[in-house]
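Trainee: Attaching a predicted model along with its sequence, questions to come.
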Amino acid sequence: MRYTSLILVLVIGLGSCTINRNIMFKTDHDYVFDQPPAGSNDSVEYRISPNDVITLQVFANEGSRLLEMTAGSGDGQVFMQNANVFYIIDNQGNVDLPEIGMTNLRGYTLYEAREFLQDQYEVYYKEPYVLLQITNNRVIVFPGSGGEAAVIPLQNNNTTLIEALALAGGVANRGDARRVKLIRYLGERREIYQFDLSTIEGVQQGSMIVQANDVIYVDPVPEIARELLQDLSPVVTLVSSVALIYALVQGAF
């Protein structure tokens, strides 16, 4: 009966084991990763997509007022300045903008969208100058510590994989630089690349330009011994307590 109770306690304890459960995006040893496309180290202009958030500013007379404001002169009046107003691109790529109404910007680069909107506002205003910005371009980085992650805003179009990792604090102490995954969503399709950044040869791979909504995941090194001890500690304590109580009860009789 005594041994049965001990076995039951151990089974219950090990059944709730949490060893390395914080490791995500596991792949089999024979998993075939995608190959980065040719030119992936070249800067690629981002194209506006559904759920993007943009800000819009429109200045009259080819932005002459903007120059006056920058120089600290002029009365500071502009045709339309909505830098603090955010517009969301819907699932079809449409956005409801002041005066021109519902407009489709899906697939445009920022430069192309700016030129297009200037043409649209030209119907109502003389020589409009448009400033357009996407505010939610970011990548998600898991540096290899297990459960920690960082959301890194993309301030420019040529942020590399190494730069994104550096902005997240670098590869964590537990991270395995030999296994750095990059997950990219291409419409309804998903591609997964793996890089080895542990050697100097990995600099070329680390120069890959990241894109908005990429997920960078550094595989954590499994910590089986430490986590096993952590999981077994309460079990050992419980078993010791039960044994002590049993010994006291036996001694009392």
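Mentor: Yep, it's here.
Trainee: Name the residue closest to the centre of the chain, please.
Mentor: residue 140 (1.4 Å; Cα atoms, centre = their mean).
Trainee: secondary structure class for that one?
Mentor: strand (DSSP: H, G, I helix; E, B strand; the rest coil).
Trainee: Please name the residues that touch it.
Mentor: Taking Cβ atoms under 8 Å, 6 or more residues apart in numbering, we find residue 140 in contact with 149-152, 214-216. C-beta here means a position set from N, CA and C on the backbone, and glycine is covered the same way.
Trainee: ok, those vs residue 85, which is closest?
Mentor: Proximity of these to residue 85 (Cβ to Cβ) peaks at residue 151, which lies at 22.7 Å.
Trainee: Show me which parts of the helix or strand containing the closest one are buried, residue by residue.
Mentor: Element membership for residue 151 (DSSP states H and E) is strand 150-153. Within strand 150-153, the residues that count as buried by 16 or more other Cβ atoms under 10 Å are 150, 152.
Trainee: after it comes which helix or strand?
Mentor: Where DSSP H and E defines the elements, the next helix or strand beyond strand 150-153 is helix 161-167.
Trainee: Name the residues that touch that next one?
Mentor: With Cβ under 8 Å, 6+ apart, helix 161-167 has contacts from 139, 141, 143, 150, 152, 171, 180, 182, 195, 197, 203, 205-210, 214, 216, 218.
Trainee: Can you tell me which of these are buried?
Mentor: 139, 141, 143, 150, 152, 171, 180, 182, 195, 197, 205-206, 208-210, 214, 216, 218.
Trainee: From those residues, which land in strands?
Mentor: By the criterion of DSSP state E, membership of the buried ones among the contacts of helix 161-167 in strands covers 139, 141, 150, 152, 180, 182, 195, 216, 218.
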